[in-house]
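>>> Quick one, structure for this:
(one chain, ligands or ions: 1)
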Amino acid sequence: MSNPAPGPLETVRTFVNTLDLDDGIELLGTPAELAAWLGAHGLAGAGEVDATAADLRRAIELREALRAHLLAHHDQPLAPGAAGTLDVAAHRARLTVRFRGSDETALEPEEGGVDGALGRLLAIVAQAIADGTWQRLKVCPADTCQWAFYDASRNRSAVWCDMRVCGNRAKVRGFRERTRTGDGGDAGTRKNG
Ligand SMILES: [Zn+2]
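Purely as a prediction, here's the structure:
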């Protein structure tokens, strides 16, 4: 459906896409589904974590804060509170710098369980910020889509998840809005200009 992100960053992209708005699919619908997902994606040992309803709520909150960051990668301001949500999750995971050999560091959670697993996700984000790939991870700005994709274009200019689908939809919608005049019927449906 869209370009994978390089290396472990693909896990972050997949996490954000556990909600598929276009098809109305929520992969993290229950605590058990969250625990299974974290195990299946190498963020926790398979069958090792037990998730609670509170864990699930925090995981969804983190996912949506990550989505806000990816939306901001379209040179838009970051939604208020989104960075703070990442801070709180990093704190809960007790992310700690580990020194490896003479010139290598890694961020690792001291906490276990779901908090630790989400901390591993944030360690991937921190690494992507450091190596410059983070800015290329974006979400499609179409309200009905919000799909995370990796922008591999040379000048980092990709906007839609897939030009053949959302880009065209947006063009058609824009055309309809431009040609519909005077009926006032859709005045409240446009979120931004
Ligand atoms: Zn899209």
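>>> Now do the same contact list for residue 116.
Counting by Cβ atoms under 8 Å, 6 or more residues apart in numbering, residue 116 touches 44, 93, 109-110. C-beta here means a position set from N, CA and C on the backbone, and glycine is covered the same way.
>>> That one and the ion: what is the separation?
Remark: distance between residue 116 and the ion (Cβ to the ion, to the nearest Å) = 32 Å.
>>> so which strand or helix has that residue?
Assigned by DSSP states H and E, residue 116 belongs to helix 113-131.
>>> Just after that helix, pick out the following helix or strand.
Next helix or strand after helix 113-131 toward the C-terminus (DSSP H and E): strand 137-139.
>>> that older thread, hmm, which of the contacts of residue 116 are the buried ones?
Buried members of the contacts of residue 116, scored by 16 or more other Cβ atoms under 10 Å, are 44, 93, 109.
>>> among these, which are in helices?
With helices taken from DSSP state H, the overlap with these comprises residue 93.
>>> Among the buried ones among the contacts of residue 116, which one lies nearest to the ion?
Ranked by distance to the ion (Cβ to the ion), these are led by residue 44 at 29.8 Å.
>>> how much space between the closest one and residue 105?
Separation of residue 44 from residue 105 (Cβ to Cβ, to the nearest Å): 22 Å.
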